[in-house]
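Q: predicted coordinates and the sequence they were generated for:
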Amino acid sequence: MPSDDDRPWWQGAVVYQIYPRSFADADGDGVGDLEGIRSRLDHLSWLGVDAIWLSPFFRSPMADFGYDVSDYCDVDPLFGTLEDFDRLVADCHDRGIKVVIDWVPNHSSDQHPWFQDARSSRDAAHRDWYVWREPTPDGAPPNNWVAAFSEAEPAWTLDEATGQWYLHLFLPDQPDLNWDHPEVEAAMHDVLRFWLDRGVDGFRADVLHAIGKDPDLPDDAEELIPIPHSGLNHVPEVTLPRLRRIRELLDSYDGDRMVVGEVYLLDTALVAQYYDDGRGIHLSFNFPPLYAPWDAGVWRHRVDEVERLITPAGWPTWVLSNHDNIRHRSRYTSEERARAAVFLTVGLQGTPFLYAGEELGLEDAVVPPERVVDPGGRDGCRAPIPWTPAPDHGWGPEPWLPWPPHADAGRDAETLRADEGSILHLYRRLLAARRASPAMVAGGQRVLDDTPDGVLAWERTAGDDRRVVAVCFAAAPAELALAGDWVVEVTSTGAGEGEPFTGSLDPDSAVVLRPA
Ligand code: GLC
């Protein structure tokens, strides 16, 4: 275990994801922006996060709300300017907050000048920057791959003008870049350099597994077709050399710049490969725990998998909510569970990724059909953050999506901050307790075996520093017997902090304990 001083920042950091459209709106047009984010940095410093990850704010026609990029090296006017971005980075750095941005290497927008040129003729300079195939004699698409966000639509669109199909794993407006072409790789490296030179501390690499497709683009096995990205649009042998070159580029900069991959493969063994024993990406998301039900046995299994598969390869990550999935407050159905669940992300060994609004206990918004805007059905988790009480919640007249439930009934940042018993204060206490404990930040981990049904507990250790974290998933109280005397440092219910641990755990609750 590296000492505090030589451990890279991204191993100890708590990272907070911001979806810029929904975070805070400085210009009052109903869509969040970079100045809005800058105006809310006090909230983040007070909360105690170490880094922010910004979802895309680049120029985009917004077919996929920014994940369709038409200029990788500029800020969309909806969000501000490059100068606004520089100011935001400078202010974050002044506060000791690192800045991670999204990098979307697998596909551009169909409005990107590269694709506009590519589709202009078969001989165009950028033609091979995308993936084109000849029509088949029977008129069927070139292979059986299916596009995301569709009811089994092909991942191919026939370009009538030039008579060939182009590949898009997502919308037809998001043509896949051809990573087999060295100029594409070089251009996407230039994008990394552009932002590294502007001072960003790292990147979240969008659908990173998709930049390593089998070059022959063979059909997927029938049974894999319904499972997104499970087939031959990811081949580790193709991907890994590309990841190594990305790693080398980042590591050539000072300051421990980092890439966290969105490796959207629901198999922890596959995710582990992307670390490539320190030569691949620095961190990777691992989504199976995000899809775990509120069940101690399933969670135990997920944690065991991470210890067995990821930890030998690299540093784990934990995430429960993001802009693509129903918030865990909604999935796990109660605030008690949401409060307990954050002890998993923040208490398990690895880098926690929090999603803006989870510290307010936000649920997904109910979006009526006439307000649905996302082709992937993810509007609910992207509802705007209510900063102040009704009526405007710190926004202009009407934000782009409806408010989350109970925003008018006190579920806003200002009201929760005035209430020391709120989930917001719990998050703050938990992050402070984590930061104060070397064991919690980066210590070793041992899952405890002799725990009652419905309880998952583990010990974290760094030198003399020890903590036990326990999560009770059960609907009834449970008794946790521990050797020695322990003091309750933080509880999800807020009751009994600073007092001796009696062994009793409330239903749907969690604790951090320190030796008495
Ligand atoms: C990733 C993003 C998602 C986006 C998709 C296509 O999964 O998280 O929001 O729609 O990639 O870029």
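A: Nice, I can see it. Numbering: from 1, shown residues only.
Q: give me the distance between the nearest residue to residue 332 once chain neighbours are set aside and the ligand.
A: With sequence-adjacent residues excluded and distances taken as Cβ to Cβ, 6 or more residues apart in numbering, residue 332 is closest to residue 294, at 4.9 Å. Every C-beta, even on glycine, is put in place using the N, C-alpha and C of the backbone. To the ligand, residue 294 is 24 Å away according to Cβ to the nearest ligand atom, to the nearest Å.
Q: list the contacts of stretch 109-125.
A: For stretch 109-125, contacts defined as Cβ atoms under 8 Å, 6 or more residues apart in numbering pick out 60-61, 63, 68-71, 108, 126-130, 159, 161-162, 164, 166, 172-175, 177, 187.
Q: and those residues, which are buried?
A: The neighbour-count test (16 or more other Cβ atoms under 10 Å) applied to the contacts of stretch 109-125 identifies 60, 63, 68-70, 108, 126-127, 129-130, 159, 162, 164, 166, 172-175, 177, 187 as buried.
Q: list the residues that contact residue 15.
A: Residue 15 makes contact with 49, 50, 51, 52, 53, 100, 260, 351, 352, 353, 354 under the criterion Cβ under 8 Å, 6+ apart.
Q: list the ones among those residues that fall in strands.
A: 51, 52, 53, 100, 260, 351, 352, 353, 354 (DSSP state E).
Q: what about residue 86, neighbour count?
A: 14 (other Cβ atoms under 10 Å).
Q: may I have the secondary structure class of it?
A: With DSSP: H, G, I helix; E, B strand; the rest coil as the basis, residue 86 sits in helix.
Q: skipping adjacent residues, who's closest to it in space?
A: Excluding its sequence neighbours, the residue lying closest to residue 86 (Cβ to Cβ, 6+ apart) is residue 198, at 6.5 Å.
Q: distance-wise, check the one you found relative to the ligand.
A: In terms of Cβ to the nearest ligand atom, residue 198 sits 22 Å off from the ligand.
Q: could you number the chain from 25 rather than 1 from now on?
A: Fine by me, first position is 25 from now on; the one you just mentioned is residue 222.
Q: thought residue 445 was touching residue 518?
A: Yes: using Cβ atoms under 8 Å, residue 445 is in contact with residue 518, at 5.4 Å.
Q: more neighbours: which of those two?
A: Counted by other Cβ under 10 Å, residue 445 and residue 518 do not tie: residue 518 has more neighbours, with 15 against 11.
Q: quick check: phi and psi on that one?
A: phi 90, psi -10 (degrees, to the nearest 10).
Q: residues contacting it?
A: Here residue 518 is in contact with 444, 445, 449, 450 (Cβ under 8 Å, 6+ apart).
Q: again, only using 10 Å
A: Contact analysis of residue 518 by Cβ atoms under 10 Å, 6 or more residues apart in numbering lists 363, 444, 445, 446, 447, 449, 450, 453.
Q: kindly report the same for residue 510.
A: 490-492, 494, 504, 524-527, 535-540.
Q: and the furthest pair within these?
A: Spanning the widest gap among these are 490 and 526, at 18.9 Å by Cβ to Cβ.
Q: much appreciated, bye for now.
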